[in-house]
Every structure is written in C-alpha cells, then in structure tokens.
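Q: here you go, sequence then predicted model.
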Amino acid sequence: MGREVAESCVDTMLMEMVAMYSGRFYANKPELAARRIEAIGYQVGHQLSERYTMERPRFSDHLEAIKFICKDFWSEVFKKQIDNLKTNHRGTFVLQDNKFRWLSRVSIDPSSDKETEDPSTPGESKAAQAVSMYLYFPCGIIRGVLSNLGIPCAVSADISSLPTCSFVIRVKA
Amino acid sequence: MAPVGPRSGDAIFSSIDRVNAELFTLTYGAIVRQLLTDLEEVEEVNKQLDQMGYNIGIRLIDEFLAKSGVSRCVDFKETAEMIAKVGFKMFLGVTASVSSWDADGTCCSIILEDNPLVDFVELPDTCQGLYYCNVLSGVIRGALEMVSMKTEVTWTRDVLRGDDAYELQVKLLKQVAEEYPYKDDE
C-alpha cells in the first residue's frame, strides 16, 4: 500500500474546489463551472490511468478497458468495485455504484425533482444542483482514464435512484 | 501538563478512514493547474489557494478537535506543537517540527520535510512566484481562527522554489476573546 492521507483531506478539498468554481468564480454560469470541474477530473483520471496501467499490456477491446475501470481502478480510488455493469454493446456502458463513496458524505432529498425548479423549496434544488456540480469531477476522471486508453467518450452521472449513482459512458465512434 | 507525544497523532491516523495519497496529490495538482489556466496571474492563484485553505481549515478544525480529544491549549507553544505533531499527522500522515521561537513565544516556524502535496511535482519556469503549497498556510490560519487565534502564516522556505525544506512561519497576532454573539435577556 502506497502513501496514504486522511480521507477527509480529499473530501474537503473536493467540496471546496466545487464551491470555488461554482460559487465564487462562475456563480451565475453553471455550465462554465461544470466544464472546469470536469476538466480537473479529466486531468486526474488521465494521470492516475497512466500510473495504473504502466506495467500492463494494452487492453484488447473497449469492454476490457471498462472492466478495468470497474474493478482495479474503482478499487484503488474508491476502495470497492463497481456493483453492476450494463452495456448495449453499441458503445454505451452504465457503471452502477450502489453506494458511491463521495456521495455518502452529501445528503440530498431523494424525492426532489431535479428537472423543475420549485420556487417554494429553493433549498432542495440548490442541493441537487450542488450534487450534480460535484459529480462532474468523477465523470471527468472516468473520461480522463478512457482518454489515456485511447477511448474518447462522454460521461455523465445519473442520481435518479439514490443512494445508487450510475455513470453513463458513451464511447465516441 | 505532559506534552502530547507523536504517538497520539499516529494513533488517530491509524483509526480514521484513509485514502491513496496519489488521488489527493494529483487532485490538488490538477486544481492548481486549472487555476493557473483560469486566473493567469500567479499572485491571484496564490490568493485563491490560501482562500481555499482557509475555507478547508475552518471545517477541518472540528474534526481535529473531535478526533484528537484535545482540550484548550495552555499557550501558543502548545498550539504549535499540536499542529505539527497531531494535526499534520492525522490528516497528511506526516510529522512536522517546530522551531525558531521568538522571545515572546508568539512566533515560530513549522518545518515539514515530507510533504504529500508535492509528490511528483515540478514547477515550470513560467510559475515563478507561485506558492504551490499555499493551501496549507490557509488551512492553519483558518483552523486557528476558529479557536480564537488570529495569525499570519507565511512561507519562509519552499523546496519547489529551491530550498531544502518547507518552512512556515506562524505568527500569533491576536488572541480573540470568545464573544457570546447574543445579548443576554434580563
């Protein structure tokens, strides 16, 4: 086991990073904040992927690369594997984590509808917005990992059934 | 009162949830890189890193107090030892040392020889003036402010700038008496 730090260091750093970009720098431009947060994740994913695949032969196909993310990568970073992997065999993969570690420190009302903004309960949609902003980071990580493996893609997060968090990967043709 | 030995920092570190330091180091590096791209001015980045640290520090102090079981420090000297031996250990897994006390006991240096933030980091020439680890000075300042101490925390040595260690000067400016925020009713 390599060097370790307290998990709270990573948690507080991520929360502060999201607050900085979505609260201070781009308070009224959530798309710009999201892009920056995702870019930071991308950088991290790319570099981690380089390290973790240094001594390995190349992956034979996309599915092998995705499985690497689900097992080895997820274990290194989140201390557990992805719980469920689904694919349509046409370039879309859904990685389901039933208890995504980084979300376990964030509480959100699961009944809040994140599509409509309800003016009478602005607090709830704000919480939902904060969580989605936060999730751009792990989405970026996954995109960065795959990019390092030569697989360009788009990654989004689905939190419609908390505490499960699903990451949807769409490989670009 | 017997000073708290390094073992309690170790004990806390072994008992808390820990993660791969690489994730931490690379995330911080990516944040700094993105800030440099977005803000362009190195001074601005230094400021934001310090602010980031401050915001983290004001939260981290709660965890520190809860997990270390430390009650009030007798004086600033004890405070500095706490930061170096317990604080750094329980969060970053490394121990720092305290030295260079002034006559008043209000100013000292905290020296870090091992610093997980900078693993694999090299600063390009374009980053002259960057205090890469500025988040740390903010954390200390924020944490201490929450326990009623106003301090000034500055870097006096930085390995990424060519020195042989990381040295922070921590100066106690003011011990703020805890003010009860509400007026007592008759």
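A: In hand now; what should we look at? Small disclaimer: the values here were computed from a predicted structure and weren't measured. Numbering: from 1, shown residues only, chains lettered A, B, ... in the order given.
Q: around the nearest residue to residue B:132 once chain neighbours are set aside, how many other residues sit close by?
A: Of all residues beyond its chain neighbours, the one nearest residue B:132 is residue B:160 (5.1 Å), with distances taken as Cβ to Cβ, 6 or more residues apart in numbering or on different chains. C-beta here means a position set from N, CA and C on the backbone, and glycine is covered the same way. Neighbouring residues of residue B:160 were enumerated by other Cβ atoms under 10 Å in any protein chain shown; the total is 17.
Q: just confirm residue B:160 is within a helix.
A: Yes. Counting by DSSP: H, G, I helix; E, B strand; the rest coil, residue B:160 falls inside a helix.
Q: that one reaches residue B:129, doesn't it?
A: No. Counting by Cβ atoms under 8 Å, residue B:160 sits too far from residue B:129 to count as a contact (11.5 Å).
Q: tell me the contacts of the closest residue to residue B:146 other than its chain neighbours?
A: Taking Cβ to Cβ, 6+ apart, and ignoring the residues beside it in sequence, residue B:146 has residue B:61 as its nearest neighbour in space, at 4.5 Å. Each residue near residue B:61 by Cβ atoms under 8 Å, 6 or more residues apart in numbering or on different chains is listed here: B:142, B:143, B:144, B:146, B:147.
Q: just how off-centre is the helix or strand containing residue B:61 within its chain?
A: Element membership for residue B:61 (DSSP states H and E) is helix B:42-68. In terms of Cα atoms, centre = their mean, to the nearest Å, the gap separating the centre of helix B:42-68 from the centre of its chain is 7 Å.
Q: which element follows that helix toward the C-terminus?
A: If you walk from helix B:42-68 toward the C-terminus, the next helix or strand you reach (DSSP H and E) is helix B:76-81.
Q: can you pull the buried residues of that following helix?
A: Within helix B:76-81, the residues scored as buried using 16 or more other Cβ atoms under 10 Å in any protein chain shown are B:76, B:79, B:80, B:81.
Q: what's in contact with the helix or strand immediately after it in the chain?
A: As assigned by DSSP H and E, the chain's next helix or strand after helix B:76-81 is helix B:88-92. Helix B:88-92 has contacts (Cβ under 8 Å, 6+ apart) with A:5-6, A:8-9, B:6, B:9-10, B:12-13, B:16, B:60, B:64, B:67-68, B:94-96, B:112, B:115-117.
Q: what mean pLDDT does helix B:88-92 get?
A: Along helix B:88-92, the predicted confidence averages to a pLDDT of 96.
Q: low pLDDT regions in chain B?
A: Within chain B, the stretches with pLDDT under 70 are B:1-7, B:177-186.
Q: just chain A next, same as before
A: A:1, A:105-124.
Q: and stretch A:77-89, end to end?
A: The first and final residues of stretch A:77-89 sit 26 Å from each other (Cα to Cα, to the nearest Å).
Q: mind listing residues that contact that stretch?
A: Taking Cβ under 8 Å, 6+ apart as the criterion, the residues outside stretch A:77-89 that touch it are A:48, A:63, A:66-67, A:69-71, A:74-75, A:93-102, A:141, B:19-20, B:23.
Q: make it 7 Å
A: Outside stretch A:77-89, the residues within contact range by Cβ atoms under 7 Å, 6 or more residues apart in numbering or on different chains are A:66, A:70-71, A:74-75, A:93-98, A:101, B:20, B:23.
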